[in-house]
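*Asks:* here is my input; please provide its structure:
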Amino acid sequence: MDIRFNLKDLMEFKNISIGYVSAATGIAKSTISMWLNDNYKGDNGKIADKINNFIQREKERINNDLPFVEISNTKYVFEIARLCHVQGRIGVCIGEAGLGKTFSVKKYAKQYMDAILIESDSGYTEKSLLKEIHRRLALSGKGSVYDLMGEVVNKLNQSGRLLIIDEAENLPYKALEITRRIHDKTGIGVLLVGRNILLQNLTGKNYQYDQLYSRVKFPKVLSKLTVQDVVKILESIGQNSDLAETYLYFSNGNTRKLEHLISHSISVAKRNGKAAVDYAVIRKTSELLMARENEL
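*Replies:* You can find the predicted model right below:
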């Protein structure tokens, strides 16, 4: 499944025109048309890169546009976030990629405006984490680690707020320790969310970080989707819930894979003149998506 197929699939699914793609990518409509028909004589690689970036952005928007469904993992994340928020505790939610962790914490932060959501990355240090929290508190984001820490503590002290750090497995130990110290000094709740390795980062390979992990009161390991979760998702978008077990099998219980599988299956069914998605469409779409993943 190449990028041309992905673009055609996306255009059909979202009912968007070449003009929309042109405006979003800066590529002329005539160029896109020729490229889609494999007739473009220019730099096809450059066009493909721009189109691929556009596709990825639009897919994220598709996921954000899906109706909110309280599946089991979302419920667990919300419950632990609320306990941490109200009781001023530290919680940890871990699980493999694609289980809806980020989606859930974004929903929580949107619902509860006093929650501070930090989305960390692999470049974070203790200072960069402090600077980001500092800025989120409407402060300058400038100063030494000592100064940043002091101002963050003063701002958050007894505020009753919740600090959520997504992809917390990216944080080095010193940054995790800074998070603990903020909690200890201010009494605010903290929720750390990430992949399974986060647990090892919190405890240490030889359990040498007991001071850090001992503060965790609400740990939760998130599981794969259940068939009941899939039924809820399908019913929320008007799709046949009888196919829930089929979708669950081919998505391997992964929320992200399921969302892609549902959206692409609908498009494949339409492209092949079928009135509705069936088992054969889901299987074929799964094969196409897997082929694409293998290429990457």
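*Asks:* strands of the stretch 1-150 of the chain, start to end?
*Replies:* 90-94, 115-119 (DSSP state E, counting those that start in this stretch).
*Asks:* give me every residue that touches the residue positioned nearest the centre of the chain.
*Replies:* Nearest to the mean C-alpha position of the chain, counting by C-alpha atoms, centre = their mean, stands Thr102 at 3.9 Å. Residues near Thr102 by C-beta atoms under 8 Å, 6 or more residues apart in numbering: 119, 166-167, 193. Every residue, glycine included, has its C-beta placed from N, CA and C.
*Asks:* just those: which are in strands?
*Replies:* 119, 166, 193 (DSSP state E).
*Asks:* so what's the residue nearest to the first one when sequence neighbours are not counted up against?
*Replies:* Across the structure, with C-beta to C-beta, 6 or more residues apart in numbering as the measure, the residue nearest Glu119 apart from its sequence neighbours is Asp166 (4.8 Å). Contact criterion C-beta under 8 Å, 6+ apart gives 101-102, 105, 117-120, 193-194 as the residues in contact with Asp166.
*Asks:* switch to 7 Å and redo it
*Replies:* Contacts for Asp166 (C-beta atoms under 7 Å, 6 or more residues apart in numbering) come out as 102, 105, 117-120, 193.
*Asks:* returning to that earlier point: including pLDDT and distance to Met290, could the ones in strands among the contacts of Thr102 go into TSV?
*Replies:* Formatted as TSV, the ones in strands among the contacts of Thr102 follow (pLDDT from 0 to 100; distance: C-beta to C-beta, whole Å):
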residue	pLDDT	distance to Met290
Glu119	92	28
Asp166	96	27
Val193	97	27
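*Asks:* which one of those residues sits closest to Val77?
*Replies:* The nearest member of the ones in strands among the contacts of Thr102 to Val77, counting by C-beta to C-beta, is Val193 at 7.4 Å.
*Asks:* what distance do you get for the residue nearest to Asn53 when sequence neighbours are not counted to Ile16?
*Replies:* Spatial nearest neighbour of Asn53, chain neighbours left out: Thr25 (7.8 Å); criterion: C-beta to C-beta, 6+ apart. From Thr25 across to Ile16, the span is 12 Å (C-beta to C-beta, to the nearest Å).
*Asks:* more neighbours, those two?
*Replies:* Thr25 (17 against 14; other C-beta atoms under 10 Å).
*Asks:* low-confidence ranges, the chain, go.
*Replies:* For the chain, the stretches flagged by pLDDT under 70 are 1, 60-67, 207, 291-296.
*Asks:* run the last query once more with 80
*Replies:* By pLDDT under 80, the low-scoring segments of the chain are 1-2, 12-15, 59-68, 205-212, 290-296.
*Asks:* would you mind finding the longest helix in it?
*Replies:* When the chain is parsed with DSSP state H, its longest helix is helix 44-65.
*Asks:* can you give me how far that one is from the chain middle?
*Replies:* 16 Å (C-alpha atoms, centre = their mean, to the nearest Å).
*Asks:* so which residues of the stretch 1-150 of the chain form helices?
*Replies:* 3-14, 18-25, 29-36, 44-65, 72-87, 101-111, 126-136, 145-156 (DSSP state H, counting those that start in this stretch).
*Asks:* counting contacts, what elements does the last one pack onto?
*Replies:* In this structure, helix 145-156 makes packing contacts with helix 126-136, helix 173-186, judged by 3 or more C-beta pairs under 7 Å, 6 or more residues apart in numbering; DSSP states H and E.
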